[in-house]
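In: have a look at this prediction, sequence included:
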Amino acid sequence: MNVPSARFPFPARQPSWRSYPSSQLPYLDDDLTRRLLITPEDHEAPARVARLRELGIGKDPLPAFDAFARKLAKTTNTPYAMVNFIDEREQYFAGLYAPDLDTSVELGPAPPSGRPERIMARDHGYCPYVVVRRKALVLEDVCDYPRFAGNPVVDELGIRTYLGAPLIDHTGMTLGTVCVIDREPRPWGREGLHTIKAFAAELVEQIHEMEQRQREADAS
């Protein structure tokens, strides 16, 4: 089954480190690169999908999550911020902030609807690592890390920095992530790590409140 394409609200970039001759990248041999670029196995994915269904979180944008992403982008002074949920095959940005949602680049064929989508294959980006590791991930410059420098988002979208934290709910399930990205390296430091973890905790509490309100509505 084909994974739906992803569209992002910024133009494509020219190839980055992979455009250089291999002689200029002595630390990357082919076998090592293939091993490093494997997306981590996610054994919790089926249970996560069931939990997200319980919470009423599907593949539709939620205004509250878009507002949250906007606040996160403003706080971190980044052009792109996401609230991201992940299943077995793909990622869905239920909350998304970008400066221009009308200008997009596609990772694959355009969807039949022709409208901008928020779905990305699971082997793109860094959120799957955050979900599996259950820990925040700080990449001030993704090109400094062979495991992450070869990810498709570097060449196809020009991503150079990433800051993300897991959304772990009261059941212990990792639902997804909150993250920000930029096309320039960023010196996040401890302050950046503290910020993204604080935002993740805030959103988890917001999700719990949504769940409680839904339970009260169902009981009434």
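Out: Yep, that arrived. Numbers count the residues shown, from 1 in each chain.
In: packing partners for the longest helix along the chain?
Out: Longest helix in the chain by number of residues (criterion: DSSP state H): helix 189-219. Packed against helix 189-219, as judged by 3 or more C-beta pairs under 8 Å, 6 or more residues apart in numbering; DSSP states H and E, are the following elements: helix 45-55, helix 63-76, strand 137-139, strand 161-168, strand 174-182. Any C-beta I mention is one placed from the backbone N, CA and C, and that applies to glycine too.
In: quick one: distance of the longest one to the chain centre.
Out: To tie it back to what came earlier, the one meant is helix 63-76. The chain centroid and the centroid of helix 63-76 are separated by 14 Å under C-alpha atoms, centre = their mean, to the nearest Å.
In: in that helix, which residues are buried?
Out: Going by neighbour count (16 or more other C-beta atoms under 10 Å), the buried part of helix 63-76 is 65, 66, 68, 69, 72, 73, 76.
In: distance to residue 84 and pLDDT added to these, as CSV?
Out: Formatted as CSV, the entries for those read as follows, by distance: C-beta to C-beta, whole Å; pLDDT from 0 to 100:
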residue, distance to residue 84, pLDDT
65, 10, 95
66, 13, 92
68, 12, 96
69, 10, 94
72, 12, 96
73, 14, 95
76, 15, 97
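In: tell me which helix or strand in this protein has the weakest average pLDDT.
Out: Every helix and strand in the chain was compared by mean pLDDT, DSSP states H and E; the lowest is strand 105-106, with a mean of 34.
In: give me the mean pLDDT for the longest helix of the chain.
Out: Per-residue pLDDT over helix 189-219 has a mean of 95.
In: what's the angle between it and strand 174-182?
Out: Counting by axes from the mean of the first three to the mean of the last three C-alpha atoms, to 10 degrees, helix 189-219 lies at 140 degrees to strand 174-182.
In: quick check: angle from helix 189-219 to strand 161-168?
Out: Calculated by the same axes, to 10 degrees, helix 189-219 forms an angle of 40 degrees with strand 161-168.
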